[in-house]
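> here's a sequence, model it:
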Amino acid sequence: MSVRWLFPVAMLGLFLMATANWSDGRSPVVPEPLVADQPYSVALRAGRATVDLYLEADVPVRLLVSNLGPAARKSILRARSEPLAEQPQYQPIAWRKKLHTASRPLRTGASITVVADAASVGADAGSIRHVPTVIDAPVLSPEKTVLNPSERRKSNSPPPPTRDFWLHVTDTPLENLNGYQLVKSRLASSQETVEVYADASLDSPSGLPEHIQELANEIAERLARDVLPRIVQQVGPIADPDQNGRLTVLLSPWLGRLRGGTTQVRGFVRSSDLRTDIAAPFSNHADLLYLSPHLPAGDALQSLLLHEVAHAALASRKDPSSHLALPDWEDWLNEGMAHLAERLGRTDWSNLDYRVARFWQHPESAPLVVRDYYRTGRWRDHGCRGATFLFLEWCQQQARNRGVTHFIPALMATGKPNQEALEMVCQSPFADLYREWTISLASSNPQLQRPKTGRFLSSGPRFHQWNLSQDPAQEFDVSGSATQFVELRTIQAGWYRLTFLGDAIDEWQLTVMRPAQPLPAIAIDANWLRAETSNSSGLMVSTVEPLPAGWKLDEVSCELIREPHPRVWNWPAAGLAAAGDVSDSITVPLSSEDVAGSAAVIKVRFQNAAHQKITWGWADVPPYRAVEKLANGGSS
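Just a heads-up that it's a prediction; the model follows:
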């Protein structure tokens, strides 16, 4: 048997081994220092990637470690760095080309007709959507799935004095008939387009308590005068399954003890209530908002009503040709659009600011794409909600840049309930949209646009610091559709080889960029001061090392994101006492009782030499009596 054929095969093998180190199989890539503010993507093959980077001494390079897998899967990417003696001649596994910051056209060629005016989609007419509605309930008849929100009519008859509603109140599955409670109610207030009922348990011998009656009146007036017309114009019409021409509201103390008494909420909409093909108790066959009777008045109430009524409009969308109901929105899109609608008020952040703050604290643990919050155990995950608002806010701006003036109606017009709707409106694959959004988070300074997001300091994502000179190995534990933001630094300038290793089935997306205006590494300590009593006498917040020239402390904030009432304390540095003789240290008047049993976060804003305000220092508040130091400034 001839072996002459072995020689060309061997040469071909050597050629393929060599070109495996090339970017596209045609030419080798000679590593060059990164261009400032130019993002690069790193290609993973079978869960592995290796790339060479040049780092200047104490000048950061930012690494975005994104897990594009399902939200339920939390994955680990292992990374190791190795200093190189000289500049390498080619990349071990090459980059793709430099990324463009503008979205690329959608490869599938899918397109939609974008509505320029909300009226053309039938505009004739919180705090969260807590209850997903894909349940195995008895279906009455297929032909009754017609929603017909455009046929909403004015009622000539007054609202009935009493109504009964079914409400799921236990921690049993939504399909469990025994999990529903019949709530009897009586009419508390009404307008031409609104009727507000109060749970009968709120009644006293003399009638409704005065504060409940005042709340019912304010809800009815705000809905009829402003919220309903605004949502119909900016989002879409609301179905009227009970054909009474009025939006119904139920005020019930049950919202303070849902899921068997373990959960408190301020409001929700159940989209199954809009369906007449589902039997009671799984549907109330009404356009219905559930609200707590303990809501604040004023702007905070306005924001909550905008959010919840937006849910009702989103759940009312229908096929324009058949008038049949379309599939329910995936929860993350549903909540994100409701938060966008909530911002139509442009004043109050109380239903949203703590959710954005929670996302900033731990973005790697806040999945974006969550189809069903309830069944995945993320029903009250505020970081997820902050993520979807920030992502859709960014997508809305990209759509505006393409001439889409009414973003939510455009998403509704696609007929899609998931990320395909965004791809069609923004004309870009979802993976590209996600990458460009994370790049914008890593490169922008949100406090220049919003110094504070409601009550919370605007900060951008918390960066994990990786000093290659001190720790050659790292593990990044990232939830699906979430991102770990990392800053690479080194004491010794030079070339470094970074190797990444993850499970081959995971969908990792790595992006590298060097900021044009890097921020210094600032580590923060947070330590309780001792007192004679069992309580503390304050919290000392200090920088581990002296601040750069021209920098000074401007404001210190403590964030406590817990149920049912998130809290935040803000102290201007000028009004705080210096903590002894420690340089760049102050004492904040925080008691250990204030944060007992909860994970609190210290955030520090500085003023730099150019008099810009920059929130860049982070520290976790330790349990009282803990003595270990925390060094998490600008990082974790």
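> give me the contacts around the longest strand seen in the chain.
In the chain, ranked by residue count with DSSP state E as the criterion, the top strand is strand 180-191. With Cβ atoms under 8 Å, 6 or more residues apart in numbering as the test, strand 180-191 has contacts from 158-169, 195-200, 203, 208, 212-213, 216-217, 219-221, 223-224, 246, 250-252, 254, 281-282. Placement of C-beta: from N, CA and C, glycine included.
> what's the helix or strand for the residue nearest the centre of the chain?
Closest residue to the average C-alpha location of the chain: A387 at 1.5 Å, with Cα atoms, centre = their mean. Assignment of secondary structure by DSSP states H and E places A387 within helix 382-401.
> now for that helix, which elements pack on it?
Counting contacts by 3 or more Cβ pairs under 8 Å, 6 or more residues apart in numbering; DSSP states H and E, helix 382-401 packs against helix 331-342, helix 353-361, helix 407-413, helix 419-426, helix 430-443.
> would you put the C-alpha positions of the third one in PDB?
What follows is helix 407-413 as a C-alpha-only set of coordinates in PDB (Å, rounded to 0.1, in the frame of the first residue of the first chain):
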ATOM      1  CA  PHE A 407     -41.300  52.400  20.900                       C
ATOM      2  CA  ILE A 408     -43.800  50.400  22.900                       C
ATOM      3  CA  PRO A 409     -46.500  50.400  20.100                       C
ATOM      4  CA  ALA A 410     -43.800  49.300  17.700                       C
ATOM      5  CA  LEU A 411     -43.000  46.300  19.900                       C
ATOM      6  CA  MET A 412     -46.600  45.500  20.200                       C
ATOM      7  CA  ALA A 413     -47.100  45.700  16.400                       C
END
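> tell me the mean pLDDT over it?
In this model, helix 407-413 has an average pLDDT of 94.
> quick one: distance of it to the chain centre.
20 Å (Cα atoms, centre = their mean, to the nearest Å).
> could I get the contacting residues of the nearest residue to A310 once chain neighbours are set aside?
Nearest non-adjacent residue to A310, counting by Cβ to Cβ, 6 or more residues apart in numbering: A341, 3.5 Å away. By Cβ under 8 Å, 6+ apart, the residues touching A341 are I231, Q234, V235, L306, H307, V309, A310, A313, I408.
> so A341 versus S458, what's the distance?
21 Å (Cβ to Cβ, to the nearest Å).
> equivalent analysis for V595, please.
22 Å.
> same check, this time on L84
L84 is 39 Å from S458, by Cβ to Cβ.
> of these two, who's got more company?
S458 (22 against 14; other Cβ atoms under 10 Å).
> would you confirm that that one contacts P451?
Yes: between S458 and P451 a contact is recorded at 6.2 Å, counting by Cβ atoms under 8 Å.
> so E195, which state does it fall into?
Here E195 is recorded as strand under DSSP: H, G, I helix; E, B strand; the rest coil.
> host element of the closest residue in space to it that isn't next to it in sequence?
With sequence-adjacent residues excluded and distances taken as Cβ to Cβ, 6+ apart, E195 is closest to P159, at 4.1 Å. Under DSSP H and E, no helix or strand contains P159.
> what about P159, how many neighbours?
By other Cβ under 10 Å, the residues close to P159 number 19.
> for A596, same thing?
11.
> quick check, it in a helix?
No: using three-state DSSP, the secondary structure at A596 is coil, not a helix.
> from G261, how far off is it?
22 Å.
> ok, and what's touching stretch 74-85?
By Cβ under 8 Å, 6+ apart, stretch 74-85 touches 52, 65, 67, 69, 466, 468, 472-480, 492, 494-503, 506, 508.
> circling back: a markdown table please, covering the helices and strands packed on helix 382-401 and showing distance to G47.
Listed next are the helices and strands packed on helix 382-401 as a markdown table, based on distance: least, Cβ to Cβ, whole Å:
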| stretch | distance to G47 |
| --- | --- |
| helix 331-342 | 26 |
| helix 353-361 | 27 |
| helix 407-413 | 34 |
| helix 419-426 | 23 |
| helix 430-443 | 17 |
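> D372 is nearest to which of these?
Minimum separation from D372 across those (Cβ to Cβ) falls at helix 331-342, 5.6 Å.
> report the mean per-residue pLDDT for that closest one.
Computed over helix 331-342, the average pLDDT equals 96.
> next, the buried residues of it.
By neighbour count on 16 or more other Cβ atoms under 10 Å, the buried set for helix 331-342 is D331, W332, L333, N334, E335, G336, M337, A338, H339, L340, A341, E342.
> then stretch 296-304?
A300, L301, Q302, S303, L304.
> for stretch 552-559, same thing?
For stretch 552-559, by 16+ other Cβ under 10 Å, it's L553, D554, E555, V556, S557, C558, E559.
> which one of those residues sits closest to R317?
Nearest to R317 among the buried residues of stretch 552-559, with distances taken as Cβ to Cβ, is E559, at 36.2 Å.
> please list all residues in contact with the closest one.
Y354, A357, Q361, F456, P566, R567, V568, A600, V601, I602, K603.
> now the buried members of these.
Y354, A357, Q361, F456, P566, V568, A600, V601, I602, K603.
> number of nearby residues for the nearest residue to V556 once chain neighbours are set aside?
Of all residues not flanking V556 in the chain, W571 sits nearest, at 5.0 Å (Cβ to Cβ, 6+ apart). Per other Cβ under 10 Å, the neighbour tally for W571 reads 17.
> which residues touch W571?
E555, V556, S557, V588, P589 are the contacts of W571 under Cβ under 8 Å, 6+ apart.
> for stretch 159-177, C-alpha coordinates in CSV please.
Taking C-alpha atoms only, stretch 159-177 is exported to CSV below (Å, rounded to 0.1, in the frame of the first residue of the first chain):
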residue,chain,number,x,y,z
PRO,A,159,-71.4,50.5,38.7
PRO,A,160,-72.9,47.9,40.9
PRO,A,161,-72.7,48.6,44.7
THR,A,162,-70.9,45.3,45.3
ARG,A,163,-68.6,42.9,43.4
ASP,A,164,-66.8,39.6,44.1
PHE,A,165,-63.3,38.8,42.9
TRP,A,166,-61.1,35.8,43.0
LEU,A,167,-57.5,36.3,44.2
HIS,A,168,-54.6,33.7,44.5
VAL,A,169,-53.3,34.1,48.0
THR,A,170,-51.4,30.9,48.9
ASP,A,171,-47.9,29.6,48.0
THR,A,172,-49.5,26.8,46.0
PRO,A,173,-49.2,26.6,42.2
LEU,A,174,-51.4,28.9,40.3
GLU,A,175,-53.2,25.9,38.8
ASN,A,176,-54.4,24.9,42.3
LEU,A,177,-58.0,25.7,42.7
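> buried ones in it?
By 16+ other Cβ under 10 Å, the buried positions in stretch 159-177 come out as P159, R163, F165, W166, L167, H168, V169, L174.
> can you put those residues in a markdown table and add distance to Q607 and secondary structure?
Converted to a markdown table, the buried residues of stretch 159-177 look like this (distance: Cβ to Cβ, whole Å; DSSP: H, G, I helix; E, B strand; the rest coil):
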| residue | distance to Q607 | secondary structure |
| --- | --- | --- |
| P159 | 57 | coil |
| R163 | 57 | strand |
| F165 | 54 | strand |
| W166 | 56 | strand |
| L167 | 51 | strand |
| H168 | 51 | strand |
| V169 | 51 | coil |
| L174 | 51 | coil |
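> could these go into a markdown table alongside distance to Q484?
Below are the buried residues of stretch 159-177 laid out as a markdown table (distance: Cβ to Cβ, whole Å):
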| residue | distance to Q484 |
| --- | --- |
| P159 | 52 |
| R163 | 50 |
| F165 | 44 |
| W166 | 43 |
| L167 | 40 |
| H168 | 36 |
| V169 | 38 |
| L174 | 34 |
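> between the residues you listed, which sits nearest L539?
Once Cβ to Cβ is applied, the member of those that ends up nearest L539 is V169, at 39.9 Å.
> distance of the closest one from S201?
Going from V169 to S201 by Cβ to Cβ gives 13 Å.
> please, which helix or strand holds F500?
F500 belongs to strand 494-501, assigned by DSSP H and E.
> that strand packs against which elements?
strand 48-55, strand 74-83.
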